[in-house]
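Trainee: heads up, no residue letters with this:
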């Protein structure tokens, strides 16, 4: 039976294995601090997860008590911005939005401590459905 690893941190799950260089770039970008904030994530790079569906990801996330999962899918690997899929596992299971890797630090920090709700990020995506940060006030 397939299971996500137990972790106290958020998970970045790779479900497309077509581009190792892209995956390595994504991981390096997420590891870098942004405005002094780090993303507290574990990277799941296991070919057993290749091609998982949204429903399977939600179920696996529930199994390890996650409220959200960050997913590197086929779009991530081909998108010039390497946008990742952020999937709600808890409030509205299956609700999702995309985010550029440079925003993962803020998303992870705020969702992990429930400082913000999933919907606050999902409702602030650009016209193309990608979160690139909140608009300046």
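Mentor: Looks like it arrived, so ask away. All values reported here derive from a predicted model rather than from experimental measurement.

Trainee: for residue 12, which non-adjacent residue is spatially closest?
Mentor: residue 70 (4.5 Å; C-beta to C-beta, 6 or more residues apart in numbering). Heads up, the C-betas are built off the backbone N, CA and C, glycines and all.

Trainee: let me redo that: residue 117
Mentor: In space, not counting the residues next to it along the chain, residue 117 is nearest to residue 91; the distance is 7.2 Å by C-beta to C-beta, 6+ apart.

Trainee: is the nearest residue to residue 33 once chain neighbours are set aside in a helix, a strand, or coil?
Mentor: Spatially, and ignoring its direct neighbours in sequence, residue 33 is nearest to residue 105 (6.8 Å; C-beta to C-beta, 6+ apart). Three-state call for residue 105 (DSSP: H, G, I helix; E, B strand; the rest coil): helix.

Trainee: now swap in residue 22 and tell me
Mentor: Following three-state DSSP, we place residue 22 in the helix state.

Trainee: my read is that it contacts residue 82, right?
Mentor: Yes - with contacts counted by C-beta atoms under 8 Å, residue 22 reaches residue 82, the gap being 6.3 Å.

Trainee: so what's residue 1 scoring on pLDDT?
Mentor: Turning to residue 1, the model gives it a pLDDT of 62.

Trainee: which residues touch residue 57?
Mentor: Residues in contact with residue 57 (C-beta atoms under 8 Å, 6 or more residues apart in numbering) are 13, 15, 69, 71, 87, 89.

Trainee: so what's the fifth one up against?
Mentor: The neighbours of residue 87, taking C-beta under 8 Å, 6+ apart as the test, are 54, 57-58, 61, 68-71, 94-96.

Trainee: could I get these in TSV, plus columns for pLDDT, secondary structure and distance to residue 43?
Mentor: Shown next, in TSV, are those (pLDDT from 0 to 100; DSSP: H, G, I helix; E, B strand; the rest coil; distance: C-beta to C-beta, whole Å):
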residue	pLDDT	secondary structure	distance to residue 43
54	91	helix	20
57	91	helix	15
58	93	helix	19
61	90	helix	15
68	96	strand	15
69	96	strand	12
70	97	strand	9
71	97	strand	12
94	93	coil	23
95	95	coil	23
96	97	strand	19
